[in-house]
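J.: Below is the sequence, then the predicted model.
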Amino acid sequence: MDANPAQRPGRRRSEASRQAILAAAAELIAQDGYGSLTIENIARHSATGKQTIYRWWPSKADVAMEALADKTDLQVPIPDEGNFAADLRAVLSTSFALARQPQVTEILRALMAEAQIDDAFAQRFRSQFLERRRRALHTIVDRAHARGELPAGVPPDTVVDVVFGTLWYRVLAIPAPLDDVLADELVRILAPASPG
C-alpha cells in the first residue's frame, strides 16, 4: 500500500480499523450519497471513534478518496498480455466498468469538485489518487513504448493524458457512455502498431 502523506502523527493505524472505516464510508455513500457523508456517520457505522478518523484523515473527502483508491487498485489490475492493444483494452474495460458504477461516478465527481475549492485537498488528490492511477497506466504504456507499439511521434505521457482525459470528460461533462465501444475506439487510436 502506498504511504499516506496526509496521515497525521500519532499511533500507527490498525489495519482492521482502517478497513472498517473505508468500508463504512463506501457503504454510506452507496446508501445515502456523498453529500450526506459525515465523519460522525462513518465513525458510528465503523464502530470507531471520530478522533481515530480525524487522526488518520484530514476530511471526509480523504476517507472517500482512499476507499476509492483501494477499490481501484483491486479492480483495475495491471495486465501483461504481451502486446499494448490487449493490455490497453483490458485496462480500459475494467476502468470503464468501475467508473460506470453509480457510487463510483458520484465519488469521482465529488472528489474532483472538492479539489477545485480546496487547494490542500487538490494536492493530496493529485499525489494520492490521480498520480497513482497514472503510474499504473504508465506501466503498460512504457512497455509499449519500448516495443515500438505507440503511435509515431506520440510520447507516453500524451497517451496517458488521452485515456484519462477521455474518462474524466465523460464522467464530468457529457452524458456519453464509458463502454467497450469507446474502449475499442481508443485502442484503435492509441495502439495502431500493436498486434491483437
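T.: Yep, that arrived. Numbers count the residues shown, from 1 in each chain.
J.: Only C-alpha atoms from now on, for both contacts and neighbour counts.
T.: Will do.
J.: Domain map for the protein?
T.: 15-56, 64-190 (automatic domain parsing).
J.: end-to-end on the shortest one?
T.: Distance between the two ends of domain 15-56: 12 Å, counting by CA to CA, to the nearest Å.
J.: Kindly report the same for stretch 70-83.
T.: 27 Å.
J.: still on that earlier bit, redo the domains of the chain as CSV? Include mean neighbour count.
T.: Putting these into CSV (neighbours: other CA atoms under 10 Å) gives the following:
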stretch, mean neighbour count
domain 15-56, 17
domain 64-190, 17
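J.: In CSV, list these along with mean pLDDT.
T.: Formatted as CSV, the domains of the chain follow (pLDDT from 0 to 100):
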stretch, mean pLDDT
domain 15-56, 95
domain 64-190, 95
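J.: quick one, helices of the protein?
T.: In the chain, the segments counted as helices under DSSP state H are 15-32, 39-46, 50-56, 60-75, 84-100, 102-117, 119-125, 131-146, 156-172, 180-190.
J.: now the last one, how far from the chain's geometric center?
T.: Just to be clear, that refers to helix 180-190. Averaging C-alpha positions (CA atoms, centre = their mean, to the nearest Å) puts helix 180-190 20 Å from its chain's average.
J.: What of the first one?
T.: Helix 15-32 sits 16 Å away from the centroid of its parent chain (CA atoms, centre = their mean).
J.: ok, now stretch 90-101?
T.: With CA atoms, centre = their mean as the basis, stretch 90-101 stands 11 Å off its chain's centre.
J.: Check stretch 103-122 too.
T.: Computed by CA atoms, centre = their mean, the separation of stretch 103-122 from the middle of its chain amounts to 11 Å.
J.: Not counting it itself, show me its contacts.
T.: 29-30, 33-34, 61-62, 64-65, 68, 98-99, 123, 125, 171-172 (CA atoms under 8 Å, 6 or more residues apart in numbering).
J.: Many thanks, I have nothing further to ask.
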